[in-house]
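1. kindly generate the corresponding structure for this input.
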Amino acid sequence: MTLLILTALITLALTTLFSLAGVGAALILIPIFLAFGIELHTAMATALLLNALGMTVASATFIRKGLVEWRLVAPMLVLAVGLSPVGVWAAHGLDRTPLLWLFVAFLVFAAGMMLFYQPRPRSARASTAATLALGLPVGGAAGFIGGLLGVGGGNIIVPALVASGLEPKRAAASASFVVIFASLSGFLAHVQVAHIDPALLGVTAVATLAGAALGAWLATERLSGTQLKRAIALVLLAVAAKTAWSLL
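-> A predicted model of the protein is given here:
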């Protein structure tokens, strides 16, 4: 019982923080679940399902606030979901270590951009061609690299959109919607060999729903664009630290 309560509290805290940035907390939750003795496939399936649940709750808030850039989301979603299996296939027999170190470097660079770079604001009325020119490569990169390295595509989408000049709240909101489907795709790949623990799933699902609702509320109602960029930078650095730690 104590372990379940501790797991729920950690899930609540991490989901709140990661929902601010519009990305799921699965990448961090999976090693925590493993440290608590949960079997690998069960940990991955549970964390990815929590990702989908949390981002669904966060997206509902973002959609209600009119923050999701649907013209960007559509091409990103198609290519991210389509190229993720290609990335998984390409990873077979490949030494991912050098690529993961490059990913760590990218995350640190992106976090630095969040803290210090001031991009020119992107026009809210960008043409369809300009929208596709941004959404297609970002979605394709997120899907392929996410599948190749086994990392969350949202960690690529959010900094890329902010660097393009999209307002941080809209970048986080748009990424959160894509993460729902990417997480469900990963969940379906693992659930067939996983043994879902109803008690674990129950307490962490409640914590995830509460954390995602709190994170989305803070992002939309309490934080300025600058404060949200700092929160996104913190999330990116946390993912970079976790990835680097797993490589040592």
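2. can you give me the strands for this protein?
-> Shown for the chain, no strands are assigned by DSSP state E.
3. run through the helices of it in chain order.
-> 2-20, 26-35, 40-64, 70-91, 97-116, 128-149, 154-163, 168-191, 198-217, 225-247 (DSSP state H).
4. with mean pLDDT and mean neighbour count as extra columns, can I get those in CSV?
-> C-betas here are computed from N, CA, C, even on glycine. Below are these laid out as CSV (pLDDT from 0 to 100; neighbours: other Cβ atoms under 10 Å):
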stretch, mean pLDDT, mean neighbour count
helix 2-20, 91, 20
helix 26-35, 84, 20
helix 40-64, 91, 23
helix 70-91, 86, 19
helix 97-116, 85, 16
helix 128-149, 85, 20
helix 154-163, 87, 26
helix 168-191, 87, 24
helix 198-217, 95, 20
helix 225-247, 87, 19
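5. roughly how far out does stretch 34-49 sit from the chain middle?
-> Centre-to-centre, stretch 34-49 and its host chain are 17 Å apart (Cα atoms, centre = their mean, to the nearest Å).
6. sorry, slip of the keys, the one I care about is stretch 67-76.
-> So, by Cα atoms, centre = their mean, the centroid of stretch 67-76 is 16 Å from its chain's centroid.
7. same check on stretch 55-63?
-> Distance, stretch centre to chain centre, for stretch 55-63: 13 Å (Cα atoms, centre = their mean).
8. tell me the contacts of residue 17?
-> Counting by Cβ atoms under 8 Å, 6 or more residues apart in numbering, residue 17 makes contact with 25, 215, 231, 234-235, 238.
9. among these, which one sits closest to residue 166?
-> Lowest distance from residue 166 to the contacts of residue 17 (Cβ to Cβ) belongs to residue 231, with 16.0 Å.
10. chain neighbours aside, what residue packs nearest to the closest one?
-> In this structure, residue 231 finds its nearest non-sequential neighbour in residue 20, 4.4 Å apart by Cβ to Cβ, 6 or more residues apart in numbering.
11. and the gap between the one you found and residue 44?
-> Computed as Cβ to Cβ, to the nearest Å, the residue 20 to residue 44 distance reads 23 Å.
12. likewise residue 155?
-> Counting by Cβ to Cβ - residue 155 and residue 44 are separated by 17 Å.
13. now swap in residue 19 and tell me
-> Taking Cβ to Cβ, one finds residue 19 at 20 Å from residue 44.
14. kindly report the same for residue 145.
-> In this view, residue 145 and residue 44 are 18 Å apart by Cβ to Cβ.
15. also residue 129?
-> Following Cβ to Cβ, the distance that separates residue 129 from residue 44 is 39 Å.
16. over to residue 135?
-> 28 Å.
17. and if you look at residue 212?
-> 19 Å.
18. what do you get for residue 8?
-> 19 Å.
19. picking up where we left off before, can you redo the contacts of residue 17 as a markdown table with distance to residue 39?
-> As requested, the contacts of residue 17 are exported to a markdown table (distance: Cβ to Cβ, whole Å):
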| residue | distance to residue 39 |
| --- | --- |
| 25 | 19 |
| 215 | 28 |
| 231 | 32 |
| 234 | 30 |
| 235 | 27 |
| 238 | 24 |
